[in-house]
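3D model of this:
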Amino acid sequence: MDLSFLNNINGIEIKPNARLAEYTTFRVGGTCPAIIICRKPEQIIQAITALVNKGIEFIIIGGGSNILVSDKGIRQIVIQYLSSPSIIKKEGNELIISAGSILDDVCQFAAEKGLTGINFLSGIPGTIGGAIVGNAGAFGKQIGDAVKSVFVIDSSASCKTIYMDELKFGYRDSIFKKNNGLIIISVRLSLKAYDKKYLQEEREQILKLRMERHPDIKKTPCAGCFFKNIPTRNNESKKESAGKLIEKAGARKLDSGKAGLFEKHANIIINPDAKASAQEIFDLSEKIHGLVKEKFGIELIREVRLIGHFKGMPAGVNNPIW
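Prediction:
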């Protein structure tokens, strides 16, 4: 595919026939016609505008966490929006951040500046844009509570600001999961001033706890928790651990090729030694879903988003991201 019309965008990288396994934390996925790497807001705006004007289909990824890409790859162009280094600006108690910035970099910056409201997200992989799409959270808190507004570009290449009350944040959900045509360019967080020393000590404790309970994605490929926790019957705001439910169902006896479950957390599917296929990971997730439904009558809902075609996927899926 001829993408020479993008050559006038300063600083982007274009890699034709790219293998997506190299851009996801699961370390699986086939090829796409090309991947366009954008690091700055102005670059992604220019790239999207140019592609829209040419009528070329594309999808957006960030750090590649929380997604599973088919072994068959996809026919769409992929734009990776990953700011390196992260772009963060402080204005009073607010932070203005490129959506491609690493989430943990933002948490570290906030703690160092004495701003509280996102410390609980420390150590979670991926970009802040991806975190907002999935309304990432931990310890009963969610990033949506700290979002003041987001600056987006839509499928017609028009830019606008969307404010918090329009973003429809829910448990691991937002307007962006319902509308793939909206792409986050930058984020404004509203935080509160707090003691720097306390925040940095709290952050270290959270990072230690996360290291004890979760795999190191750089050494053990995965996408974090695969399924959402389950609302309790008597209180929608309280959640039952999907990992504990999967454990109780006896899912550790399940297998699917090289894919497996992390020994310390049953809701994390891993790709040991990066030798599993995307299909094997998908098949294991389907087996887990089926076993939990059989044992407890509960439908697990995926937190990880699937990209491309998988054997056994529901009929009628038309979107590349589902």
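
gap between the nearest residue to Glu166 once chain neighbours are set aside and Asp154?
Once flanking residues are discounted, Glu166 sits nearest to Ile175: 7.1 Å by CB to CB, 6 or more residues apart in numbering. To be clear about C-beta, it is placed using only N, CA and C from the backbone, and glycine gets the same treatment. In this view, Ile175 and Asp154 are 12 Å apart by CB to CB, to the nearest Å.

Would you enumerate the residues in contact with the residue nearest to Asn53 when sequence neighbours are not counted?
Take Asn53 and drop its neighbours on the chain: the residue closest to it by CB to CB, 6+ apart is Ala157, 7.1 Å away. Going by CB atoms under 8 Å, 6 or more residues apart in numbering, Ala157 touches Ile48, Thr49, Val52, Asn53.

Arrange these in JSON lines, one row each, with neighbour count as further columns.
Putting the contacts of Ala157 into JSON lines (neighbours: other CB atoms under 10 Å) gives the following:
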{"residue": "Ile48", "neighbour count": "23"}
{"residue": "Thr49", "neighbour count": "16"}
{"residue": "Val52", "neighbour count": "17"}
{"residue": "Asn53", "neighbour count": "10"}
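
ok, back up a step: and the residue nearest to Glu166, how many neighbours?
By the measure other CB atoms under 10 Å, the count of residues near Ile175 is 17.

give me phi/psi at it?
Dihedral pair for Ile175: phi -60, psi -30, per degrees, to the nearest 10.

What residues does it make contact with?
Per CB under 8 Å, 6+ apart, neighbours of Ile175: Ile162, Glu166, Leu167, Lys168, Leu182.

Checking Arg188 next. Helix, strand or coil?
strand (DSSP: H, G, I helix; E, B strand; the rest coil).

Closest to Ile36 out of the contacts of Ala157?
Ile48 (9.5 Å; CB to CB).

Can you tell me the closest non-neighbouring residue to that closest one?
Distance criterion CB to CB, 6+ apart; nearest residue to Ile48, sequence neighbours excluded, is Ile153 at 5.5 Å.
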